[in-house]
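Q: following is a predicted model, sequence given first.
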Amino acid sequence: MILRMVARALIAAALAPPAISSATPAPRSSPAVAREAAADTLWQQRVAYSTEARLDEAAQVLHGAEVVRYHNQSPDTLGVLYFHLYLNAFRPHSLWARTERRKEYDFGALQDPDYGYERVRSAEVVPWAAVGGGAGETSTAGRAGAVGRGRGRAGRGRTLEAAYPFAPDSTVVRFQLPRALPPGDSIRVRIAWDARPATLCRRQCRQGRHWDLAQWYPRVAVFDTAGWEDHPLYPQGEFYGEFGTYDVTLDLAADQVVGATGVPVSGDPGWKPDASSPDREVDYERDWYGAPVRLDDPGLLTDVAAAGRKRVRFRAEEVHHFAWSVDPQYRYEQDHVGKVVIRVLYRPGDLDWDLGAAARRTVRALGWLEGIYGPYPWPQLTNLHRLEGGGTEFPMVIMNGGPGQGLITHESSHQYNMGILANNEWKEGWLDEGMASFLTNWFAEEHGVPQPWSRSMEAAEAREAASATQPVSEPSEDFSDFSMYGAMIYTKGSIVLRMLRWLVGEDVFRRGMHDYYRTERFHHVTAADLEAAMERASGKDLSWYFHEWLQTTWTLDYALGDVRTERADGGGWRTSVRVTRSGRAWMPVDLEVGDTTVRLDSRDSSQQVTVVTGERPDSVILDPDGVLLQTDRSNDRKELRKPGP
């Protein structure tokens, strides 16, 4: 914990224009060495984006430029940098297009101008000398007061050649560095690009003047203890990013209304509260980050905005992505959860979004989630109506296709499980999607929704009975199809978390969630981090549980055998029950005899249990709350005949 606090204190210094390193670059350490070092130092890379973008609606293209400051806090020397170009998934010849089986998402059939793209126009290393540092392309960080220097336009540096390691897929681009980047060193890279979303909606879209720019810029790939996570985008699985700072200036048509990650430190985003807005005055939060100075000038927006256009500058810190959406018809409503601003953007005619309905649901969801995790650390949460149905989550932004409470709760929960607790979504998708589904049903339980788990349990039990499962912890693209991916990541993942809550008890589970959040926020997390938090809270070894229910396809079925009831000596009734268990998986099980419930924790495949009750029981039930994931629930209940007169 102390190491984490020290690391956070050094973040500003890490991204400053540094002094020069004279050290000879060391060879890249082995993954084993990197993992060992990571265990000791808890390192995590840091990035800072200074970005400019101009949306040309007439040409249907976004022109962009960014300067990315990348600080290598790993124990490895890096010879390359990888970036994601996610919009290239939504076009012919991408891995997504070649592996997608759902006909409604046939990106391989799209023609120009309907397909999406993200094309690098140029890339170069920017010398630190241009902002007051030393000469050379990389240099050692160490001047804590230097953050924010260097607003002057930087000189040209070494050109970087783009290589596409998964060609013809181009969702990942690799740049060979002219000089290796040793541990503790920083580099600045300027990239210029053009982009457009596809007109076929899937995690991005453009139709008319509405643009959902969920993915839109070259995003540096994560380098962690496993090495570069240079993973192309598939239909199954989502994203993974490095925490850092985003300073983004958008050049837009003057009538556009924009919702985005972060806060608008300058410019007019077009928010005019609707008459039904709970808040009637816009809370821009322009000073949330003080008076932030942009670190670098990307060089795209070199003059003032043209007539009929405007500039809006957003700032976000401690985030790993920046998403935005524009529509000139967006209506704006606003509310608060404490000091956190809730923004809602919807289109005219969006019934049930208006009259404060979506705002109130977002307030309700975020307020409840703060009770599960802890205080929301960011300044705002924007809930906007996107073109596509369903929903997708981003730091400080949820893009939803509808205003229902369940969808809003699910996507809002991702502010914590994905946004703040940033798991690798393609390696351990259940850790955010299974968690979101679990939290959505938990919210429903506490808000009076009848039987919120019934559909999930029925679907999961049918798969268990048919042996139609795969381990929940598998990488997303390894699932046999999208249906299997959804069933394991979302449905079974949520049930595994529900069983864990039952196993340790709700109060202990809540303490574990608070601990998980307090210890790991703003870090890349894995299942091991959640397991450790729950073990600290419960004082129990839970390794067996995480192994059985996440890493195997073992099944479980409890059944009632012979049941006998007779009068007990001294009064009452004695009921003898034979309980059997089949399958390799194990869980304790509750046995309800009349109005008495006992928990059975034997690992024997067959056990004889005697329960004494005051009244003669009418029934005997295994797992009366229906929490355990079993292959056959029909053998869990027996009605007891009453003796005749």
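A: Looks like it arrived, so ask away.

Q: could you find the closest non-adjacent residue to R501?
A: F509 (4.3 Å; CB to CB, 6 or more residues apart in numbering). The way it works is simple: take the backbone N, C-alpha and C, and place the C-beta from them, glycine included.

Q: by contact count, what packs against the one helix or strand the one you found maps to?
A: Using DSSP states H and E, F509 sits within helix 506-520. Contacts defined by 3 or more CB pairs under 8 Å, 6 or more residues apart in numbering; DSSP states H and E place helix 506-520 against strand 421-423, helix 493-504, helix 527-538.

Q: need the contact partners of the second one.
A: When contacts are defined by CB atoms under 8 Å, 6 or more residues apart in numbering, helix 493-504 is touched by residues 429-431, 433-435, 437-438, 441-442, 453, 456-457, 460, 472, 509, 512, 534, 537-538, 540, 542, 545, 549-550, 587-588, 625, 627-629.

Q: keep only those of those residues that are in helices.
A: Among these, the ones falling in helices (DSSP state H) are 433-435, 437-438, 441-442, 456-457, 460, 509, 512, 534, 537-538, 545, 549-550.

Q: still on that earlier bit, how about the helix holding F509, which residues are buried there?
A: 508-517, 519-520 (16 or more other CB atoms under 10 Å).

Q: between those, which is closest to S602?
A: Closest to S602 out of these is V508 (21.9 Å), distances taken as CB to CB.

Q: roughly how far does K638 sit from E615?
A: 17 Å (CB to CB, to the nearest Å).

Q: so the two - more neighbours on which side?
A: K638 (16 against 10; other CB atoms under 10 Å).

Q: what are the pairing partners of the one helix or strand the more buried one maps to, and which direction each?
A: For K638, the element it lies in under DSSP H and E is strand 637-639. According to DSSP bridges, strand 637-639 forms sheet pairs with strand 619-622 (antiparallel).

Q: avg pLDDT for the strand it pairs with?
A: On average, the pLDDT along strand 619-622 is 98.

Q: chain center to that strand, what's the gap?
A: Here strand 619-622 is found 40 Å from its chain centre; the criterion is CA atoms, centre = their mean, to the nearest Å.

Q: how many neighbouring residues does the closest residue to I621 other than its chain neighbours have?
A: Spatial nearest neighbour of I621, excluding adjacent residues (CB to CB, 6+ apart): E592 at 4.4 Å. Using other CB under 10 Å as the criterion, E592 is surrounded by 19 other residues.

Q: check the one 3 residues further on too.
A: Residues lying near D595 (other CB under 10 Å) number 10.

Q: can you pull out the helices in this protein?
A: Assigned by DSSP H, the helices in the chain fall at 2-9, 11-14, 31-41, 95-99, 357-372, 405-413, 433-446, 454-465, 482-486, 493-504, 506-520, 527-538, 543-551.

Q: pass me the low-pLDDT residue ranges in the stretch 251-400 of the chain, would you?
A: Across the stretch 251-400 of the chain, nothing is flagged by pLDDT under 70.

Q: rewinding a little: what sits opposite the residue nearest to I621 in the beta ladder?
A: Here E592, judged by DSSP bridges, has bridge partners T597, I621.

Q: residues in contact with it?
A: Counted by CB under 8 Å, 6+ apart, E592 has contacts 619-622, 624.

Q: about what we covered before: closest to W211 out of the helices and strands packed on helix 506-520?
A: Among the helices and strands packed on helix 506-520, strand 421-423 sits nearest to W211 (CB to CB), with 25.7 Å.

Q: identify the residues contacting that closest one?
A: Against strand 421-423 from outside (CB under 8 Å, 6+ apart): 240-241, 243, 320, 417, 431-432, 516-517, 520-526, 529.

Q: may I see the buried residues of it?
A: Neighbour-count burial for strand 421-423 [16+ other CB under 10 Å]: 421-423.

Q: same check, this time on stretch 303-322
A: 310-322.

Q: got the domain ranges for the protein?
A: Per automatic domain parsing, the structural domains of the chain span 1-99+113-236, 439-551, 557-639.
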